[in-house]
Each structure stands twice: as C-alpha cells, then as structure tokens.
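Peer 1: the sequence isn't on hand, but the structure is:
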C-alpha cells in the first residue's frame with residue numbers, strides 16, 4: 001500500500017457521524033461505504049396536490065417569455081386560497097443538438113476559439129437562482145413571468161422552475177417544470 005487516509009461523515013451541524021481510516025492501494029485508490037440508520041417519526045398523508053406548468057411548454061428561444069403557473073387544490077375539493085407559494089427559478093448553462101443533425105452541438109461543450117471565450121462571462125457565472133414569494137389567489141393559483149434575455153450572447157440555457165406551497169396545516173408540496 002501507499003499509506004492511510006482518514007475521513008469522516010458530518011451532519012449539517014458539522015458534527016461527525018462517523019470517522020474512518022483506511023489504507024490507500026498502489027494506485028492511490030480507496031473504498032468507503034457508510035450506513036446511516038434513520039426512522040420515520042411521522043407520516044402524514046398528503047391532503048392536496050399542486051401542478052406547475054409553462055405557457056411555452058418545455059422549449060423557449062432566447063428573448064422569449066413564458067408564464068409559469070402553479071395550481072393547488074385539496075383532494076376533497078377546494079383551493080388553497082391565500083396559501084404562501086415560493087417560486088424558485090434556477091438557470092444554468094446547457095447545450096442543444098438539432099434533431100437530425102448528429103454532430104452539431106451548441107452551447108455547453110462547444111470548443112470555441114480563445115478570442116471568443118474572452119468576451120464571455122466566467123464559465124461558472126451562468127448559474128443564477130431567483131426566488132419570489134407570493135400568495136395563491138382565490139383559485140389556488142399563482143403565476144410568474146420568466147424571460148431569457150439577460151445573457152451577453154444568445155446561448156442554450158436550462159431553467160428549473162419550481163414552486164412550493166404550504167397549507168394551513170403546514171404541509172408542503174413542490175412541483176417543477178424544466179424549460180430549455
């Protein structure tokens with residue numbers, strides 16, 4: 001072997017759940033496996049559901065807008081009028097390959113000349129998240145408008161558009177739609 005390595009598994013409070021020490025083989029590889037015991041303290045059957053949709057479906061061109069809509073209803077009937085909804089839209093770099101044109105890819109993964117790369121933002125800068133909090137209307141609906149027009153140059157982008165609603169009993173439901 002080449003020596004040993006120490007590592008551990010920490011929780012969200014940075015407390016160690018487990019610490020391990022293992023040997024590294026000749027290629028500097030090691031294997032680790034963890035089992036985390038857990039128990040379900042309470043399960044509540046959902047009382048409602050929410051659906052998210054986009055007026056443009058799942059495809060959108062640079063400069064276009066889409067209206068995202070969430071609609072929540074109790075299974076027994078009735079809307080979630082006035083319930084808080086948190087919208088979160090996460091945009092990230094993507095790629096596009098036109099149907100029938102194998103070998104052509106635009107966006108992420110392109111090999112562009114150095115001079116062209118200089119005018120683009122840092123590769124990790126297109127990873128934006130926007131959050132908006134609104135209340136559902138009398139029909140249990142909310143709507144937000146998203147427009148893809150803030151890029152320095154037109155490029156493929158994937159937007160994960162997610163809405164989370166909470167009812168009066170503090171149950172939450174999340175749904176999402178991807179728009180590229």
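Peer 2: Arrived safely. Fair warning: this is a prediction, and the values are worked out from it, not measured in the lab.
Peer 1: ranking helices and strands of this protein by mean pLDDT, which lands last?
Peer 2: helix 114-117 (a mean of 33; mean pLDDT, DSSP states H and E).
Peer 1: show residues contacting the helix or strand following that helix.
Peer 2: Using DSSP states H and E, the helix or strand that follows helix 114-117 in sequence is strand 127-135. Strand 127-135 has contacts (CB atoms under 8 Å, 6 or more residues apart in numbering) with 82-93, 142, 144. C-beta coordinates here come from the backbone N, C-alpha and C atoms, glycine included.
Peer 1: at 7 Å what do you get?
Peer 2: For strand 127-135, the surrounding residues in contact (CB atoms under 7 Å, 6 or more residues apart in numbering) are 82-92, 142, 144.
Peer 1: and the angle for the helix or strand following that strand with strand 127-135?
Peer 2: As assigned by DSSP H and E, the chain's next helix or strand after strand 127-135 is strand 141-147. With axes from the mean of the first three to the mean of the last three CA atoms, to 10 degrees as the basis, strand 141-147 and strand 127-135 are set at 150 degrees to each other.
Peer 1: who are the packing partners of strand 141-147?
Peer 2: Applying 3 or more CB pairs under 7 Å, 6 or more residues apart in numbering; DSSP states H and E, one finds that strand 141-147 makes contact with strand 65-74, strand 84-93, strand 157-166.
Peer 1: can you say which of these is nearest to residue 10?
Peer 2: Counting by CB to CB, residue 10 lies closest to strand 84-93 out of the helices and strands packed on strand 141-147; the figure is 25.5 Å.
Peer 1: give the buried residues for the closest one.
Peer 2: Of the residues in strand 84-93, those buried under the neighbour-count criterion (16 or more other CB atoms under 10 Å) are 85, 86, 87, 88, 89, 90, 91, 93.
Peer 1: distance to residue 107 and mean pLDDT added to the helices and strands packed on strand 141-147, as TSV?
Peer 2: What follows is those, written out as TSV (distance: least, CB to CB, whole Å; pLDDT from 0 to 100):
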stretch	distance to residue 107	mean pLDDT
strand 65-74	19	94
strand 84-93	7	90
strand 157-166	8	92
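Peer 1: JSON lines for these, including distance to residue 35?
Peer 2: Output for the helices and strands packed on strand 141-147, formatted as JSON lines (distance: least, CB to CB, whole Å):
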{"stretch": "strand 65-74", "distance to residue 35": "37"}
{"stretch": "strand 84-93", "distance to residue 35": "32"}
{"stretch": "strand 157-166", "distance to residue 35": "31"}
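Peer 1: between the buried residues of strand 84-93, which sits nearest residue 137?
Peer 2: The closest of the buried residues of strand 84-93, once distances to residue 137 are taken by CB to CB, is residue 85, at 10.0 Å.
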